[in-house]
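Q: kindly return the folded structure for what I paste below:
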Amino acid sequence: MTGAGTGHGTGLPGPACGRRSGLRNLAERAEQPGGGLDVTGSSGRGTTLVWHVPVGER
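A: The predicted model follows:
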């Protein structure tokens, strides 16, 4: 399953590696079942989040 969101605001300052707690929480929840969170964008240019997790039988 994949969910994506794009904001056209001020963007995130600096690299997405220095995640804030909300983004860190999203990433950790996606990583638990083998998924992930991709954050792209730059200061002044908006941000895109793509959250993905596997779906199906375990």
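Q: quick one: low-confidence ranges for this structure?
A: The chain contains residues with pLDDT under 70 at 13-20, 57-58.
Q: that one: helices as residue ranges?
A: Taking DSSP state H, the helices of the chain run over residues 21-31.
Q: OK, contacts around the closest residue to Thr2 other than its chain neighbours?
A: Spatially, and ignoring its direct neighbours in sequence, Thr2 is nearest to His52 (4.4 Å; C-beta to C-beta, 6 or more residues apart in numbering). For every residue, glycine as well, the C-beta is placed using N, CA and C. Counting by C-beta atoms under 8 Å, 6 or more residues apart in numbering, His52 makes contact with 1-3, 30, 35-38.
Q: ends of stretch 35-55, how far apart?
A: 10 Å (C-alpha to C-alpha, to the nearest Å).
Q: can you give me the buried ones in that stretch?
A: Of the residues in stretch 35-55, 35, 37, 39, 41, 47, 49, 51, 53 count as buried by neighbour count, 16 or more other C-beta atoms under 10 Å.
Q: closest to Arg24 out of the contacts of His52?
A: Lowest distance from Arg24 to the contacts of His52 (C-beta to C-beta) belongs to Leu37, with 9.0 Å.
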